[in-house]
Each structure stands twice: as structure tokens, then as C-alpha cells.
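Undergrad: Sequence first, predicted model second:
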Amino acid sequence: MEIEYVRSRFIKHFDGKTGNIYHSPGRINLIGEHTDYNGGFVFPGAVEQGIMAEVRPNGQQTCNVYSIDLKDMVHFKIDDPKGPSATWARYIYGVVQEMRALGVDVKPFNAAFAGDVPLGAGMSSSAALESCFACALNDLFGDNKVSKWDMVLAGQATEHKYIGVNCGIMDQFASVFGQKGKLMRLDCRSREFEYFPWEPKGYKLVLLNSKVKHELKGSPYNDRRNSCENVVKALSSHFPDKKFETLRDANWDELEAVKPVVSEEDYTRAHFVLGEVDRVLAVSEALEKGDYETVGQKMYETHYGLSKEYEVSCEELDYLNDIAKENGVTGSRIMGGGFGGCTINLVKDEVYDKFIADAKKKFNEKYGHEPEVINVVIGDGSRKIC
Ligand code: GAF
């Protein structure tokens, strides 16, 4: 995204003065889905697409925030206990409150922002928005004293308290800590992580965005999390001498031991999670050896688990996964929280063109539109641009 695009709108909608410009990315995740809130491993990387915001303290009583994409201006007072009602503005209001709780003396500001992360694609535009404002407020009002990890947690707390999604830490982590050309393996229990250079010679990583988002009744993401927590409670009662904080603390035998006392649905969800934790470790090992065939095979296994055990896939994504298999794509799976969005595909250069053409044609024939093709370039994390 061009700086000029954001700057010209900022100048137009406010008093003509310029502010500082910040950028935070969306993310991909090679493998490790729904493992973050279970204390497991994830394997994300930041992308080049993200949110860009221009921000300037205004010396007034209210924060004035303009969404360039939605052409919508929202005003809120920093100490208003309710905050704005527009969802997009609640992300920003939430970050303001969380940064204040971390000791940042946030003063009213003007801001304009735009994004090029496709919405609803599972690439975490919301974490990009949260981290972008956390980074801006830290810089403008906090002398950059808030640590990167605290910014990650401020974004996550915003989702929990102001949006109602009980997400894990993967998305905000990837957005804040991302580095160009590198994926990261994060242990969500210890918060230790390693950078892995991503240079798969002869392969491309491509997202196919189905452009569908299924609005399911209730809160299916939180429901999945509840299932996992039910199993953790059962484990704690069954093994009183062992401490289980999350499913990561359980092994396969322990899970089998509580099978009779949990619902079949909760057991099946937990079964997926234990398998997914193992798969991330297998992928890390395979990457060390440059063994992309194993990486791809694990991606297909993850898709199967997300579709049949965790039940967060949908017909359109299963179809894209089938097309990948038919075309000899090395690995393919649904990416992100699920219920729509994209598949992430590890594709050998020689099958790339045929796969993309076939996916576009078949998907269009069945669903009346082509999937959006997004070639993944791993970019940098949250930063001040100027
Ligand atoms: C969403 C959440 F925000 C993440 O925390 C993570 O759980 C992901 O779904 C699934 O892996 O993006």
C-alpha cells in the first residue's frame, strides 16, 4: 500500500497537518491451527499486506478516527466507559484501553487508516489493526516502553473484552514479531519462539481465497475453545496429581483415559488438537531437512482434521483442497479460524500454473465466482514507517 494513499486522506479529513505513519501486517500460518489457545505450537509468518495508519495527537477532547476503506469517521472519548458501537472502531478503542492499562498515557488523536488484507480471508486483518494502533500509541505516547509481548497481549485482550472472540496469541504475535522472509515457530505455552528462513526452492506458497464466510449461529470459535476446556477439566479431575492448564499438558494415553467421561464431540476436538501439536513438530523437523514432501503431507492431514474432527471447514474449502490433491499440489489446507476464508497451498513450480487455472475454472463452475489467488510474500512485523 502506498503511503500517499493514506496521507492524502489524513490531510483531507483533518486539519491539513501530517502525523506519523505505522504499518502492521496480516499473517499466514503454515501449520498449527487452533493450537494457540491450547498452549501448543503454531508456525506463522507476517505477510506484506496489512494495515497502514497515520496518527497525530490533536490536543482536543476526542479521538477522531477515519476508516478510509469504509469511508466512516468515528469519534470517541478516551475515558468513555462504553466506547464506540461500530465494530471496526471498537478494535481501536480496545487497544487504547489496553495500552492505558500498561501505563501509556494516551491522549486524544486523529487517525486515518486503510488495509489491504482481504477481509474474512483468515489472514487476520483484525490483529493487524490492533497491532498497528498498539505500535502507534506506544510510539506517540509511551516512549516505546511497552514490550512487543505486551503489545501482543493488548491486542488479544482487545478481542476478548471488546469484540467477544476468545482468540489465542498467534495472530497478534505474527503481526508484531514478523520478519521478512522468515516463518516463526512459537510455543504458545512457554512463549519461546524461533525464526525459520522460508526459502523453499522450487515451491510457491499460495493462498486461494474462497471469498465465502459462513455466518454460523452463536460463536463457533468460542465453542471450539470451550470443548477443549471441558476436556482439560475432565483431565484435571481424573488425574488430580497432575496439573493440566491446557490440552498441551496432556498426552495421548491421558486423553484416552478421559474419553468415557467427556462428550464424543469434545473428545474428537481434543483429539485433533493433540494431533496438530505433533504435526507442527514434525513439520519443524522436516523443514530443517528441506523435506517439503513431509511438510505437504502434514498440511493435508491438518485439513482432514480441521474438516472432520474440529469441524471448522466448509464445502467450498473442502472442494479447493480436493482440487489441490487432484493437481499434485504438495500440501493444502484450510488456514486460520475457519468457517470460510482461504486454503494455504504448497505448490511445486511445475504444477503451479495448471493448478491455479484448474482451481479457478472448477470453483467458478460450481460456485459462480473464482477464488482470489494470493501469492504469499513473507514481510516484516509492526513498525513506524515515517
Ligand atoms: C484465529 C484466532 F484469532 C487465532 O488465535 C487462532 O486460534 C486461529 O484462529 C486458529 O488457529 O485466527
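TA: Structure's in. What do you need? The structure displayed is predicted, hence computed values, not measured ones.
Undergrad: And the strands in this protein?
TA: In the chain, strands defined by DSSP state E lie at 20-29, 41-42, 44-57, 63-67, 72-76, 109-115, 182-187, 193-197, 203-213, 331-334, 340-348, 372-375, 383-384, listed in chain order.
Undergrad: May I see these arranged in JSON lines, with distance to the ligand and mean neighbour count as well?
TA: The way it works is simple: take the backbone N, C-alpha and C, and place the C-beta from them, glycine included. Below are the strands of the chain laid out as JSON lines (distance: least, CB to the nearest ligand atom, whole Å; neighbours: other CB atoms under 10 Å):
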{"stretch": "strand 20-29", "distance to the ligand": "6", "mean neighbour count": "27"}
{"stretch": "strand 41-42", "distance to the ligand": "7", "mean neighbour count": "27"}
{"stretch": "strand 44-57", "distance to the ligand": "9", "mean neighbour count": "25"}
{"stretch": "strand 63-67", "distance to the ligand": "21", "mean neighbour count": "22"}
{"stretch": "strand 72-76", "distance to the ligand": "23", "mean neighbour count": "16"}
{"stretch": "strand 109-115", "distance to the ligand": "16", "mean neighbour count": "24"}
{"stretch": "strand 182-187", "distance to the ligand": "11", "mean neighbour count": "22"}
{"stretch": "strand 193-197", "distance to the ligand": "15", "mean neighbour count": "14"}
{"stretch": "strand 203-213", "distance to the ligand": "13", "mean neighbour count": "21"}
{"stretch": "strand 331-334", "distance to the ligand": "10", "mean neighbour count": "28"}
{"stretch": "strand 340-348", "distance to the ligand": "9", "mean neighbour count": "26"}
{"stretch": "strand 372-375", "distance to the ligand": "16", "mean neighbour count": "15"}
{"stretch": "strand 383-384", "distance to the ligand": "22", "mean neighbour count": "16"}
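Undergrad: So which of the ones you listed is nearest Phe141?
TA: In terms of CB to CB, the element of the strands of the chain nearest to Phe141 is strand 44-57, at 7.6 Å.
Undergrad: So which other helices or strands are in contact with the closest one?
TA: With contacts taken as 3 or more CB pairs under 8 Å, 6 or more residues apart in numbering; DSSP states H and E, strand 44-57 sits against helix 3-13, strand 20-29, strand 109-115, helix 125-141, helix 170-177, strand 182-187.
Undergrad: Point me to the residue of the stretch 201-350 of the chain nearest the ligand.
TA: Closest contact between the stretch 201-350 of the chain and the ligand, by CB to the nearest ligand atom, is at Gly337 (3.2 Å).
Undergrad: residue farthest from the centroid of the chain?
TA: In the chain, Asp241 marks the outermost C-alpha relative to the chain mean, sitting 35.2 Å out by CA atoms, centre = their mean.
Undergrad: related to what we said a few turns ago, would you list the helices and strands packed on strand 44-57 in CSV and tack on mean pLDDT?
TA: As requested, the helices and strands packed on strand 44-57 are arranged in CSV below (pLDDT from 0 to 100):
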stretch, mean pLDDT
helix 3-13, 97
strand 20-29, 98
strand 109-115, 98
helix 125-141, 98
helix 170-177, 98
strand 182-187, 98
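Undergrad: Out of the ones you listed, which gets nearest to Gly164?
TA: Nearest to Gly164, of all these, is helix 125-141, at 12.0 Å by CB to CB.
Undergrad: What residues sit buried inside the closest one?
TA: Going by neighbour count (16 or more other CB atoms under 10 Å), the buried part of helix 125-141 is 125-141.
Undergrad: residues in the stretch 151-300 of the chain within reach of the ligand, list them.
TA: By CB under 6 Å from any ligand atom, the residues of the stretch 151-300 of the chain that approach the ligand are Cys167, Gly168, Met170, Asp171.
Undergrad: How many residues are close by the third one?
TA: Meaning Met170. Per other CB atoms under 10 Å, the neighbour tally for Met170 reads 30.
Undergrad: pretty sure it is in contact with Leu186, am I right?
TA: Yes. When contacts are counted by CB atoms under 8 Å, Met170 is listed as touching Leu186 (7.0 Å).
Undergrad: list residues touching both of the two?
TA: Asp36, Val42, Pro44 (CB atoms under 8 Å, 6 or more residues apart in numbering).
Undergrad: and the nearest residue to the last one once chain neighbours are set aside, what does it touch?
TA: Beyond its immediate neighbours in the sequence, the residue positioned closest to Pro44 (CB to CB, 6 or more residues apart in numbering) is Ala174, lying 3.8 Å away. By CB under 8 Å, 6+ apart, the residues touching Ala174 are Pro25, Arg27, Asn29, Pro44, Gly45, Ala46, Ser124, Ala127, Met184, Gly381.
Undergrad: now with 10 Å?
TA: Applying CB atoms under 10 Å, 6 or more residues apart in numbering to Ala174 gives the contacts 25-29, 42-47, 123-124, 127-128, 131, 152, 183-184, 186, 381.
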